[in-house]
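what follows is a predicted protein model with its sequence.
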Amino acid sequence: MGAADMESLPACFDLLLWNMQKCQGNGWRDDFLHLIADRHLLLLQEASIQAVNVEIFDEHEEYFWTMARSFRHLKSDSESGVKSGCRCMPLQTQSYSSPNFEPLIRTHKMLLQTVYPLASSQPLMVLNVHALNFSRIGGYKRHLSQIARAARGHSGPMILAGDFNTWSKQRLRLLRELADELELCEAVFTRKSKARHLYRHLDHLFYRQLKLENIELVESVTSSDHLPITARFSTI
């Protein structure tokens, strides 16, 4: 969807990471348009495509969008999943369904892998993840192993980001072990926890062979149960 207006990501680029809660919150469209202004790379989870909002993605003049669908509502024909938008076209795209599905609703969570040209550097691999939430720890481990396999063939710059549903210490430990395996640094910043997330942080951003210039939690946004994260990276 959409159209890119750049040949490659610049040497210094801005990123948005946000679980949009299926675009159901009041004012999500205004929040979204404000958040993406002047950003180069957009990593969304629970992004929704519906008849009433498809044009906000399909007809945008700056971003090329790639989506990995997790769920399709048969009555409304709406689709939701992880979505990556970028000011340049991807060199490669691959999506993966989680090895296990969520119990009861029986839907898979998604990993979206894209590779983008990056000025003055090797191509950048981006792994946009919405991890399993209600599965047992064995299913969660298999999902992280899938992410590791997808990343191993790339030796250059990398970003791993998304909603990892790290609501337990064990899940968070496993995620950080994965980041260590892939030689990724965690973007650390001050943020608030929420009761509905069991006072745990669910959204994480990891990177390698890049310099983190700035990272911020956008606390003014109320149209989702997840607060957006913005960051600026530069090539080393």
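Nice, I can see it.

with just CA atoms, put stretch 24-32 into PDB.
Below are the C-alpha coordinates for stretch 24-32, written out as PDB (Å, rounded to 0.1, in the frame of the first residue of the first chain):
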ATOM      1  CA  GLN A  24     -10.700   1.400  18.000                       C
ATOM      2  CA  GLY A  25      -9.800   4.200  20.300                       C
ATOM      3  CA  ASN A  26     -11.400   7.700  20.000                       C
ATOM      4  CA  GLY A  27      -9.200  10.000  18.100                       C
ATOM      5  CA  TRP A  28      -6.800   7.400  16.800                       C
ATOM      6  CA  ARG A  29      -6.700   8.900  13.300                       C
ATOM      7  CA  ASP A  30      -5.600  12.400  14.500                       C
ATOM      8  CA  ASP A  31      -3.100  10.800  16.900                       C
ATOM      9  CA  PHE A  32      -1.700   8.600  14.000                       C
END
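
buried sites along it?
Burial within stretch 24-32, assessed by neighbour count using 16 or more other CB atoms under 10 Å, is assigned to 28, 31-32. From N, CA and C alone the C-beta is placed, and that goes for glycine too.

distance between that stretch and the chain's centre?
Stretch 24-32 sits 18 Å away from the centroid of its parent chain (CA atoms, centre = their mean, to the nearest Å).

next SSE downstream of the longest helix along the chain?
For the chain, the helix with the greatest residue count under DSSP state H is helix 137-151. Of the helices and strands lying after helix 137-151 in sequence (DSSP states H and E), the nearest is strand 158-163.

so for that following strand, mean pLDDT?
The average pLDDT within strand 158-163 is 98.

okay, now the unreliable bits of the protein?
For the chain, the stretches with pLDDT under 70 are 49-61, 71-78, 193-199.

could I get the buried residues of stretch 24-32 as a markdown table with distance to residue 130 and secondary structure?
Putting these into a markdown table (distance: CB to CB, whole Å; DSSP: H, G, I helix; E, B strand; the rest coil) gives the following:
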| residue | distance to residue 130 | secondary structure |
| --- | --- | --- |
| 28 | 17 | helix |
| 31 | 19 | helix |
| 32 | 17 | helix |
